[in-house]
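Asks: quick one, fold the following:
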Amino acid sequence: PGPRAHLHLARRLTTMVSELAHDFGDDFLWGAATAAHQVEGNNTNNDWWRWEQIPGKIADGTRSGLACDHYNRFPEDFAQWRGMGHNAHRLSLEWSRIEPRPGVYDSPAIDHYRQVLGTLLGLGMEPMVTLHHFTNPLWLADIGGWESDEVVERFRLYARHCIDALGDLAHLWVTINEPNVYAYHSYTAGLWPPQVKDFRATTAVLRNMVRGHAAAYREIRESVHGAAAKVGVAQHLRVFQPWRPWSPFDRIAAALPHRAFNHWFLQACTDGWAGFPLGLRHRLPEALGTLDFIGVNYYSRDIVRFTPSAPGELFARTFPAPGRPVSDYGMELYPPGLYRVIRDTWDRYRRPIYITENGVADRVDQFRPAALIGHLAEVARAQREGIDIRGYLHWSSMDNFEWSEGFKMRFGLVAVDFETQERTPRPSAALYSDVIRRNGLAWEQVQNFYPSGLPYFVGGASSSSG
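Replies: Okay, the predicted model is just below:
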């Protein structure tokens, strides 16, 4: 080509850099997520607070303590996030504050959460409210927690009280956050309270969580606020990939956690059946059709190798892909996996999807910018294929208490100095704000941070980047 053609091409490339590679559409929710115990501070009446007081239970020796003092600082925190462009926020209610004793509901706690939700609405931010995010009131833990025969009715009554008291301020409700993670960490691996290692207890807990979700779903949808309410769960989904694709043993070892961890709970809440590989086929009719949407929490993939000596792990050993970058948490950074779990979830259930958690533990913000754009490029890819994705809520808005890891894992768009409570936005926060301002990804962002995703936006082509 001659000089004029070169000039035209240069001008076109310059124009493309300033144009959007993908627009996420009207009414798309942009924001971040938190959980009450991780940020509020001084949640002294739940099982996690009691657990933290036992030496050796938290990896870095810390306790949640004041955490981010978000219970008191929420107005300034929300104002900061709104200033970054966020139009939504996912938060959880602390059950132990709302119901400190069985059947006794605390009016000041409800008033506090009304103020929290009202502040979000006043700033133009859509709340997404989670009823259970890993913590249980002490009184519930002391009668057996989610193993107890009483828990389903207790959770139903708690949900009814919350929707009656707060339903005019929120219409997006998550009943339970990551029931699969809760059951596994607390009852299979024994890493979280109550530190049980019993596969049968795991299945009992998961069944009760299905029943609890279904009971809460009915209470919310049948309440005076139910016509406007949408109810779902936030499910942690991972890619399980066989180490040796040619090995039938590795393929089965990867298929079992895919079924048990990713889909057992969602399937039960869709067709009302629970069973393999977590026990015999069991009917749960009350759970039939109790998902208005599915919240996808995605962080990583696991490479899976068949290991006969690990029956409690469904005969599998998991590890990050060799040679791939990993987060401070040791999780592989694998954005294509988000597309894979979205595609799989949509094909199975055909429910609207919100990305309710996605982020990276990265104290120095080394990987977060590329991870942010990479994962959003995969969300865009799924949208371009017609999948109904309605929002992206980054984990997390700010550094917080990361459960058994303590304070050493930093997931926040905003860094927190836990000595002074000073908040400092990381560079990735500005990058996210730019995406929100555009309501989409720019060519320049994809080229700079996720070039392997460019084929998704050129002629609608797909890529199998791995």
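Asks: give me every residue that touches residue 341.
Replies: The contact partners of residue 341, by CB atoms under 8 Å, 6 or more residues apart in numbering, come to 237, 238, 239, 262, 296, 298. Bear in mind the C-beta positions are built from the backbone N, C-alpha and C, glycine included.
Asks: try it again at 10 Å.
Replies: Contact analysis of residue 341 by CB atoms under 10 Å, 6 or more residues apart in numbering lists 235-239, 258, 262, 296-298, 301, 353, 378, 382.
Asks: and which of those is nearest residue 395?
Replies: Ranked by distance to residue 395 (CB to CB), those are led by residue 297 at 7.5 Å.
Asks: so the closest one, which state does it fall into?
Replies: With DSSP: H, G, I helix; E, B strand; the rest coil as the basis, residue 297 sits in strand.
Asks: skipping adjacent residues, who's closest to it in space?
Replies: Spatial nearest neighbour of residue 297, chain neighbours left out: residue 357 (3.7 Å); criterion: CB to CB, 6 or more residues apart in numbering.
Asks: ok, residue 400 next?
Replies: Sequence neighbours aside, residue 38 is the residue nearest to residue 400 in space, at 4.0 Å (criterion: CB to CB, 6+ apart).
Asks: just the helices in the stretch 201-350 of the chain please.
Replies: Along the stretch 201-350 of the chain, the stretches classed as helices by DSSP state H, counting those that start in this stretch are 248-257, 264-271, 336-349.
Asks: that older thread, what strands line up against the helix or strand that contains the residue nearest to residue 297, and which way round?
Replies: For residue 357, the host element (DSSP states H and E) is strand 353-358. Here strand 353-358 is paired, per DSSP bridges, with strand 293-306 (parallel), strand 389-395 (parallel).
Asks: okay, the angle between that strand and helix 336-349?
Replies: Strand 353-358 runs at 140 degrees relative to helix 336-349, counting by axes from the mean of the first three to the mean of the last three CA atoms, to 10 degrees.
Asks: for strand 353-358, output the C-alpha coordinates as PDB.
Replies: Presented in PDB, the C-alpha positions along strand 353-358 are these (Å, rounded to 0.1, in the frame of the first residue of the first chain):
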ATOM      1  CA  ILE A 353     -26.500 -13.700  35.900                       C
ATOM      2  CA  TYR A 354     -24.700 -11.100  38.100                       C
ATOM      3  CA  ILE A 355     -21.000 -11.400  38.700                       C
ATOM      4  CA  THR A 356     -21.300 -11.000  42.500                       C
ATOM      5  CA  GLU A 357     -17.600 -11.500  43.200                       C
ATOM      6  CA  ASN A 358     -14.500 -11.400  41.200                       C
END
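Asks: now that strand: how far from the chain's centre is it?
Replies: Here strand 353-358 is found 6 Å from its chain centre; the criterion is CA atoms, centre = their mean, to the nearest Å.
Asks: tell me which helix or strand comes right after that strand.
Replies: Sequence order places helix 368-384 as the next helix or strand after strand 353-358, per DSSP H and E.
Asks: show me what that next one is packed up against.
Replies: In terms of contacts (3 or more CB pairs under 10 Å, 6 or more residues apart in numbering; DSSP states H and E), helix 368-384 is packed against strand 20-23, strand 293-306, helix 336-349, strand 353-358, strand 389-395, helix 427-438, strand 440-442, helix 443-449.
Asks: pull out the buried residues from it.
Replies: 368-383 (16 or more other CB atoms under 10 Å).
Asks: stretch 380-396 too?
Replies: Across stretch 380-396, burial judged by 16+ other CB under 10 Å covers 380-383, 387, 389-396.
Asks: check stretch 431-442 too.
Replies: 431, 432, 433, 435, 436, 438, 439, 440, 441, 442.
Asks: what's the helix or strand for residue 77?
Replies: Assignment of secondary structure by DSSP H and E places residue 77 within helix 70-83.
Asks: now that helix, how far from the chain's geometric center?
Replies: 20 Å.
Asks: ok, stretch 416-427 next?
Replies: 23 Å.
Asks: same check on stretch 238-247?
Replies: In terms of CA atoms, centre = their mean, the centre of stretch 238-247 is set 24 Å apart from its chain centre.
Asks: could you do stretch 300-311 as well?
Replies: The answer for stretch 300-311 is 23 Å, by CA atoms, centre = their mean.
Asks: could you give the mean pLDDT of that stretch?
Replies: Across stretch 300-311, pLDDT averages out at 87.
Asks: ok, and for it, which residues are buried?
Replies: 300, 301, 302, 303, 304, 305, 306, 307.
Asks: and for stretch 332-340?
Replies: Buried-residue list, stretch 332-340, by 16+ other CB under 10 Å: 332, 333, 334, 335, 336, 337, 338, 339, 340.
Asks: swap in stretch 109-121?
Replies: Taking 16+ other CB under 10 Å as the criterion, stretch 109-121 shows 109, 110, 112, 113, 116, 117, 119, 120 as buried.
Asks: ok, of the residues you listed, which one's closest to residue 129?
Replies: Nearest to residue 129 out of the buried residues of stretch 109-121 is residue 117 (CB to CB; 7.4 Å).
Asks: residue 30 is in what secondary structure piece?
Replies: Using DSSP H and E, residue 30 sits in strand 29-33.
Asks: elements contacting that strand?
Replies: helix 70-83, strand 88-92, strand 126-132, strand 172-177, strand 353-358, strand 389-395, helix 427-438.
Asks: output stretch 299-317 as PDB, restricted to C-alpha atoms.
Replies: The C-alpha coordinates for stretch 299-317 follow below in PDB (Å, rounded to 0.1, in the frame of the first residue of the first chain):
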ATOM      1  CA  TYR A 299     -11.600 -16.400  41.200                       C
ATOM      2  CA  SER A 300      -9.600 -19.200  39.600                       C
ATOM      3  CA  ARG A 301      -9.300 -22.600  38.000                       C
ATOM      4  CA  ASP A 302      -7.900 -25.800  39.500                       C
ATOM      5  CA  ILE A 303      -5.900 -28.400  37.700                       C
ATOM      6  CA  VAL A 304      -7.100 -31.800  38.900                       C
ATOM      7  CA  ARG A 305      -5.200 -35.100  39.300                       C
ATOM      8  CA  PHE A 306      -6.700 -38.400  40.400                       C
ATOM      9  CA  THR A 307      -5.500 -39.200  43.800                       C
ATOM     10  CA  PRO A 308      -6.700 -42.500  45.400                       C
ATOM     11  CA  SER A 309      -5.500 -41.500  48.800                       C
ATOM     12  CA  ALA A 310      -7.900 -38.600  49.100                       C
ATOM     13  CA  PRO A 311     -11.500 -39.900  49.400                       C
ATOM     14  CA  GLY A 312     -12.600 -36.900  51.400                       C
ATOM     15  CA  GLU A 313     -11.600 -34.700  48.400                       C
ATOM     16  CA  LEU A 314     -13.500 -36.900  45.900                       C
ATOM     17  CA  PHE A 315     -10.200 -38.700  45.100                       C
ATOM     18  CA  ALA A 316      -8.700 -35.500  43.600                       C
ATOM     19  CA  ARG A 317      -5.700 -33.300  44.200                       C
END
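Asks: right, I'll leave it there.
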